[in-house]
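In: make a model of this:
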Amino acid sequence: MEVVSGSESVLSYSTTDEAILVKNTPGVALPNTGGPGTRIFTILGSILILGAGVLLWRRRRLI
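Out: Next comes the predicted model:
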């Protein structure tokens, strides 16, 4: 059962043995993930894949 009031939402779930109440308050900043190093790895990986493709294409053309 979910109850929404204004900008907050409360989710409550209960079974015969236990009850769980979770309150969600929007506006909290999420942590940054990935960091600045992922962009360089993506660029280098793309260059390596492109280079391998060119080498395979040239080798196939020569045979």
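In: going by C-alpha atoms from here, please, whenever you check contacts or count neighbours.
Out: Noted.
In: ok so Lys23 is a strand residue?
Out: Yes: checked against DSSP: H, G, I helix; E, B strand; the rest coil, Lys23 lies within a strand.
In: burial count for it?
Out: Neighbours of Lys23 under the rule other CA atoms under 10 Å: 11.
In: separation between Ala29 and Ile20?
Out: Remark: distance between Ala29 and Ile20 (CA to CA, to the nearest Å) = 24 Å.
In: tell me which of these two has more neighbours.
Out: A side-by-side neighbour count of Ala29 and Ile20, using other CA under 10 Å, places Ile20 first with 9 against 6.
In: roughly how far apart are the more buried one and Val28?
Out: For Ile20, the distance to Val28 - CA to CA - is 22 Å.
In: so how many other residues sit close to Pro31?
Out: Pro31 has 5 neighbours, counted by other CA under 10 Å.
In: quick one: buried residues of the helix or strand hosting Leu55?
Out: Element membership for Leu55 (DSSP states H and E) is helix 37-62. The neighbour-count check on helix 37-62 (16 or more other CA atoms under 10 Å) flags nothing as buried.
In: which residues touch stretch 50-62?
Out: For stretch 50-62, there are no surrounding residues in contact (CA atoms under 8 Å, 6 or more residues apart in numbering).
In: using CSV, write out every CA atom in it.
Out: What follows is stretch 50-62, C-alpha atoms only, in CSV (Å, rounded to 0.1, in the frame of the first residue of the first chain):
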residue,chain,number,x,y,z
LEU,A,50,38.3,0.8,-34.4
GLY,A,51,42.0,0.0,-35.0
ALA,A,52,41.2,-3.8,-34.8
GLY,A,53,38.4,-3.3,-37.3
VAL,A,54,40.7,-1.5,-39.7
LEU,A,55,43.4,-4.2,-39.4
LEU,A,56,40.8,-7.0,-40.0
TRP,A,57,39.4,-5.1,-43.0
ARG,A,58,42.9,-4.6,-44.5
ARG,A,59,43.9,-8.2,-43.9
ARG,A,60,40.8,-9.5,-45.5
ARG,A,61,41.3,-7.2,-48.5
LEU,A,62,44.8,-8.5,-49.0
